[in-house]
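# next comes the sequence, and after it the predicted model I'd like to discuss.
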Amino acid sequence: MKIYKTPAKYYFRLHHVRPRFKNNVENVIIYVASIVAKIGKMESENFRELMLTKLKEFPGNVNLEGKTLQNWRTEIAALFGLYFEDSKFTFPSLIAIDLYENQDLTKFFKYFLYSFQYPGGHIKINEVKKIMENKICFNPARYFLSTIYELEKLERGNGYLTKGEACHVIFNDVRATTDKDLKNVKKIASLILSNRKNKCTYDLAGDTIRYAGDILDYLVLSNLLKDFGGKFFLNKTERKSILKFLKNDTYFNLKEELFSNSRKLEEEWVKFVSEPISRKIFATDVLAFFAQDEKEYSEILKRTNYVIESDIPSSGARTKDIGDFGENVIYGHECTYLKINRREDLISIVKCIPNHFAVGYDIQSIDINEFKKYIEVKTTVSSKKLTFNKFHLTKNELGSAQTLKENYFIYRLQVIKGDKAEDKVKLNLRVINNPIELYKRDLIDIDLSSGEVTLRKYQGEDVEVLTWK
DNA sequence: AATACCCGTGCC
DNA sequence: GGCACGGGTATT
């Protein structure tokens, strides 16, 4: 057994900020994005203080040192670009606002990886200089995807990458990291194959493969790769997004003046990272979570009236969109509930209300005792189950909650796609009835001016999502 | 001197 | 073996 080492003359070790919340990255990011998006523009000094307070409030952080919390604050900003400062104020980035508005972590990781590259504003200027001196111009997600794409061609569809290969053959080898136009991908792929043929192993110790491994993990979170026991394969239902990555030849323009101005560098970087968001180049196709391959996916697509394997009656909404998907699932849930309880006569009363009516709820429904229900559906998309306990109600929704009282319901639906290839999509539903009453009884918090709801003593009622059989 | 990514080290 | 705390250390 030989250990493959990157040849010394090609070796250049790249690094990025190691998040100190890897196992909980989705929860932390959605928490921070919600805070900064809600604050908007704020004087930097006040913002820093507020952010430290909020990070201390994050579950498990009460006893952390001030130094550690400062590290959280700055590293979240540096790596994920959720906010940036000018000389006086701190602003939320577009990537944070988009996450806050759409509650879609899968999409968030696509945007993050689409732009994440070297050189970039996520590391210190002296590190950037070293990277420039070595002529590195490297978008790791793009390069990993291209390599797997090439391996697929070479191996008749059986293309995958391991963390060791990603690190030692790509991430730390300048033949890959200086390969701006992907001219060497074929050679890199062949090298990986010859290493496999020669049964080479890789040094997997601790931090060595940490950085490249993180990128592969983020690619899984963004639904572009599937992890089959340490072998990372392209997700066949995400062809369109993968092709966008392969075609992405935009690199960060590191102007000379940025070398002496770290704040400006950070600002330009966050702008650059957010730019694809303003062009809205990614959207999450929830149906893609339910299929294992393209064939299954196109079958699901054909049955546009249905979601999952079940025959949920459709509201007629476009089921590919997350918000519409959530409404559709809840519509099906309500109808099924009536059917199970032999009140099929009431099903025609269940209706989705188009958004432009702005009534402050998504679905009007009815219970078996003919008690009217007005339901606002809040949908999130993530890989792991979120413990996130904050959500936002608009002015209309708050108004409806106030006037409709016990008839008003919030259905919080989590679409959880999993992070292993064998994982099946799970739906998790929590129901909150009459939020204003819960607020008056001090069981939940509602900031009436911003509409932010925080679940505290009361976390909502767990309900099994019903599917039409 | 303070700040903020960097990263050694110990813990699970 | 992977991960995160909090000190390390280069930069502001």
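Cool, got the structure.
# now whatever residue of the stretch 301-450 of chain A ends up closest to DNA strand B, nearest residue through space, not along the chain?
DNA strand B sits closest to A:Lys384 of the stretch 301-450 of chain A, with a gap of 17.8 Å, by CB to the nearest atom of the strand. Using the backbone N, CA and C atoms, a C-beta is placed for each residue, glycine as well. Closest residue to A:Lys384 apart from its sequence neighbours, by CB to CB, 6 or more residues apart in numbering: A:Glu26 at 5.8 Å.
# by contact count, what packs against the helix or strand where the one you found lies?
Counting by DSSP states H and E, the element that carries A:Glu26 is helix A:25-39. Other elements packing on helix A:25-39 under the criterion 3 or more CB pairs under 8 Å, 6 or more residues apart in numbering; DSSP states H and E are helix A:44-57, helix A:66-80, strand A:89-92, helix A:94-102, helix A:105-115, strand A:372-382, strand A:390-392.
# please redo it, this time with the cut-off set to 7 Å
For helix A:25-39, the packing partners by 3 or more CB pairs under 7 Å, 6 or more residues apart in numbering; DSSP states H and E come out as helix A:94-102, helix A:105-115.
# and the angle from the first one to helix A:66-80?
This means helix A:94-102. Here the directions of helix A:94-102 and helix A:66-80 differ by 90 degrees (axes from the mean of the first three to the mean of the last three CA atoms, to 10 degrees).
# let's test this: mean pLDDT of stretch A:164-184, rounded?
When pLDDT is averaged over stretch A:164-184, the result is 95.
# any bit of it sitting next to DNA strand B?
No: judged by CB under 7 Å from any atom of the strand, stretch A:164-184 and DNA strand B are separated, with a smallest distance of 12.6 Å.
# neighbouring contacts of that stretch?
A:4-6, A:10-14, A:118, A:134-138, A:140, A:143-144, A:146-147, A:188, A:191-192, A:202, A:204, A:208-209, A:211-213, A:216 (CB atoms under 7 Å, 6 or more residues apart in numbering).
# switch the cut-off to 6 Å
A:4, A:6, A:10-14, A:135-138, A:143-144, A:146, A:188, A:191-192, A:202, A:204, A:209, A:212, A:216 (CB atoms under 6 Å, 6 or more residues apart in numbering).
# one more: stretch A:9-17?
A:Glu75, A:Ala78, A:Leu79, A:Tyr118, A:Asn134, A:Phe171, A:Asn172, A:Asp173, A:Val174, A:Arg175, A:Tyr211.
# separate out the buried members of the contacts of stretch A:164-184.
Taking 16 or more other CB atoms under 10 Å as the criterion, what is buried in the contacts of stretch A:164-184 is A:4, A:6, A:12, A:14, A:136-138, A:143-144, A:146, A:188, A:191-192, A:202, A:209, A:212, A:216.
# my guess is A:Val453 contacts A:Phe391. True?
Yes: proximity of A:Val453 to A:Phe391 meets the contact threshold set by CB atoms under 6 Å, at 5.5 Å.
# of the two, which one has the most company?
A:Val453 (24 against 18; other CB atoms under 10 Å).
# could you confirm the more buried one falls within a helix?
No: A:Val453 sits outside any helix when classified using DSSP: H, G, I helix; E, B strand; the rest coil, being strand.
# do you know how far it is from A:Ser34?
Per CB to CB, to the nearest Å, A:Val453 is found 11 Å from A:Ser34.
# residues near the residue of the stretch 301-450 of chain A closest to DNA strand B, how many?
Neighbour number of A:Lys384 under other CB under 10 Å is 18.
# now do the SS call for it.
Judged by three-state DSSP, the three-state class of A:Lys384 is coil.
# could you report the pLDDT at it?
93.
# next one: A:Ala189
pLDDT, A:Ala189: 97.
# ditto for A:Ile410
On the pLDDT scale, A:Ile410 is placed at 97.
# about what we covered before: I'd assumed A:Asp104 was in contact with the residue nearest to A:Lys384.
No: using CB under 6 Å, A:Glu26 is not in contact with A:Asp104; the gap is 10.9 Å.
# taking the stretch 251-400 of chain A, what residue is nearest to DNA strand C?
A:Ser262 (4.3 Å).
# once you drop chain neighbours, what's closest to that residue?
A:Ile125 (5.7 Å).
# burial of that neighbour, as a residue count?
15.
# ok, back up a step: mean pLDDT lowest for which of the helices and strands packed on helix A:25-39?
Taking the mean pLDDT of those, helix A:94-102 comes last: a mean of 92.
# show me what that one is packed against.
With contacts taken as 3 or more CB pairs under 6 Å, 6 or more residues apart in numbering; DSSP states H and E, helix A:94-102 sits against helix A:25-39, helix A:262-278.
# give me the contact list for the helix holding A:Glu26.
With CB under 6 Å, 6+ apart, helix A:25-39 has contacts from A:19, A:21, A:54, A:76, A:82-83, A:92, A:96-97, A:99-100, A:105, A:382, A:384, A:386-388, A:390, A:450.
# and those, which are buried?
Buried, going by 16+ other CB under 10 Å: A:19, A:21, A:54, A:76, A:82-83, A:92, A:96-97, A:99-100, A:105, A:382, A:384, A:386, A:388, out of those.
# and the closest residue to A:Gly360 other than its chain neighbours, what element?
What sits nearest to A:Gly360 in space, not counting adjacent residues and going by CB to CB, 6+ apart, is A:Ser400, at 3.0 Å. Mapping A:Ser400 onto the secondary structure by DSSP H and E places it in helix A:395-404.
# closest residue of the stretch 101-250 of chain A to DNA strand C?
Closest point on the stretch 101-250 of chain A to DNA strand C, by CB to the nearest atom of the strand, is A:Asn126, at 2.7 Å.
# contacts only, for that residue.
A:Asn126 neighbours (CB under 6 Å, 6+ apart): none.
# what's the per-residue pLDDT of it here?
For A:Asn126, pLDDT reads 86.
# quick one: it is in a helix?
Yes: the assignment for A:Asn126 (three-state DSSP) places it in a helix.
# so how far is stretch A:172-179 from its chain's centroid?
From the chain centre to the centre of stretch A:172-179 is a distance of 28 Å (CA atoms, centre = their mean, to the nearest Å).
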